[in-house]
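Trainee: coords please:
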Amino acid sequence: RATWERKGPGARDGPALLDHVQKIKEMVSGIPIIANGNIITFEDGMENLALTKADGVMSAEGILDNPSLFLPRYGENLDQTIEIADCTLAGDSKLVEE
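Mentor: Modelled structure (predicted):
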């Protein structure tokens, strides 16, 4: 496992360097690359994936402010989203489709 983090005084000031993640993804194959940074909304996560071409994204501070940050990936219907999330949390791998 390899990680890179911003550290030191002022390290978390300003945007994450997502162009660096993109370059790493272009150079590395066979290892999943997960991007992190600047994800406050679901749309931010989708934009991050589109820019970096990473295998996934994670959110640290954004998810603390909005625990349902990634729920929109399950669909537009809020009731269905909640039902799917409940099934997922319960360990049921079958997602309900309407």
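Trainee: buried sites along stretch 40-51?
Mentor: Phe42, Asp44, Gly45, Asn48 (16 or more other Cβ atoms under 10 Å). Backbone N, C-alpha and C define where each C-beta goes, glycine included.
Trainee: can you pull out the helices in this structure?
Mentor: For the chain, applying DSSP state H gives helices covering 18-27, 42-52, 61-65, 78-89.
Trainee: between these, which gets the lowest average pLDDT?
Mentor: The weakest mean pLDDT among the helices of the chain belongs to helix 78-89, with a mean of 58.
Trainee: I figured Gly56 was touching Ile39, is that so?
Mentor: No: assessed by Cβ atoms under 8 Å, Gly56 is found out of contact with Ile39, at 11.3 Å.
Trainee: picking that back up, as TSV, the buried residues of stretch 40-51 with distance to Ala35 would be great.
Mentor: Shown next, in TSV, are the buried residues of stretch 40-51 (distance: Cβ to Cβ, whole Å):
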residue	distance to Ala35
Phe42	15
Asp44	11
Gly45	9
Asn48	5
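Trainee: which one among those gets closest to Ser68?
Mentor: Ser68 lies nearest to Phe42 out of the buried residues of stretch 40-51, by Cβ to Cβ, at 9.0 Å.
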